[in-house]
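> sequence plus the predicted model coming up.
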Amino acid sequence: MLTRQLLLSAVAVVAAVPTTRAANFEVDPSHTSVVFSVSHLGYSYTYGMFRDVKGTVEFDKASPEACKFRFTIDAASLNTMNEKRDEHLKGADFFNVKQFPQITFESTAVAPAASADGKTLYNVTGKMTMHGVEKEVTLPIELLGEGETPFKDYRAGFMCQTTLKRSDFDMDFMVGPIGDSIGVTVSFEAVKK
């Protein structure tokens, strides 16, 4: 009898604890940018972007552990504003977009990060797949703002600035003359569903 009362009490306590449910957002491709830079011969930087990005976000500022970030980039949407270079980058020496058409990221853990200047920062750990190679990466993501907009929707805006090594994803063609470290900036808005 005592065991039954303890069990019922435990169930009542668990039921009384509010559960956090992150809100669902869809990434707005028209307000999303994925820009990269790479050193060329140590003399200059070449910049490019991916034009086709899709994603979803489950977001609750008060409960980062409930958040999730998922992105899919069409690797063939790469654009460096030089058609000949773009074709080379899409080919077998680099992204090999025919064999590996997508770059994906799916978070597995989100934790708040320290900020000395009052910014809302998160360390977002997850699995990134690029060029057929899956790696665990941790991305620093900043919440730029969230709220109702003049367009009668609710949005959250984020930014990530990080560095990836292309050789980690088996893209090691001409490492040295062409930099291995790739600077990546992702800025995106997500609309609450």
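Yep, it's here.
> tally of neighbours for Lys152?
6 (other C-beta atoms under 10 Å). To be clear about C-beta, it is placed using only N, CA and C from the backbone, and glycine gets the same treatment.
> how close does it sit to Thr162?
Going from Lys152 to Thr162 by C-beta to C-beta, to the nearest Å gives 33 Å.
> do Phe50 as well
15 Å.
> of those two, which one has the most company?
Neighbours per residue, other C-beta under 10 Å: of Phe50 and Thr162, the larger number sits with Phe50, 20 against 14.
> hmm, who's touching the helix or strand encompassing Ser33?
In this structure, Ser33 is located in strand 23-40 according to DSSP states H and E. Residues outside strand 23-40 that contact it (C-beta atoms under 8 Å, 6 or more residues apart in numbering) are 45-50, 52-60, 71, 73, 155-157, 166, 177-179, 181-193.
> same check on stretch 72-82?
Contacts for stretch 72-82 (C-beta under 8 Å, 6+ apart): 34, 46-55, 86, 89-90, 95, 97, 100-104, 130.
> out of these, which are inside strands?
Using DSSP state E, 34, 46-50, 53-55, 102-104, 130 are the members of the contacts of stretch 72-82 that sit in strands.
> for PyMOL, what selects the buried ones among the residues you listed?
Entered in PyMOL, the line below selects the buried ones among the ones in strands among the contacts of stretch 72-82, by 16 or more other C-beta atoms under 10 Å:
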select buried, resi 34+46+48+50+53+55+103+130
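> export the ones in strands among the contacts of stretch 72-82 as JSON lines, with columns for pLDDT and distance to His40.
Listed next are the ones in strands among the contacts of stretch 72-82 as JSON lines, based on pLDDT from 0 to 100; distance: C-beta to C-beta, whole Å:
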{"residue": "Val34", "pLDDT": "98", "distance to His40": "20"}
{"residue": "Thr46", "pLDDT": "97", "distance to His40": "5"}
{"residue": "Tyr47", "pLDDT": "98", "distance to His40": "10"}
{"residue": "Gly48", "pLDDT": "98", "distance to His40": "12"}
{"residue": "Met49", "pLDDT": "98", "distance to His40": "16"}
{"residue": "Phe50", "pLDDT": "98", "distance to His40": "19"}
{"residue": "Val53", "pLDDT": "98", "distance to His40": "25"}
{"residue": "Lys54", "pLDDT": "98", "distance to His40": "30"}
{"residue": "Gly55", "pLDDT": "98", "distance to His40": "30"}
{"residue": "Gln102", "pLDDT": "98", "distance to His40": "26"}
{"residue": "Ile103", "pLDDT": "98", "distance to His40": "22"}
{"residue": "Thr104", "pLDDT": "98", "distance to His40": "27"}
{"residue": "Met130", "pLDDT": "98", "distance to His40": "20"}
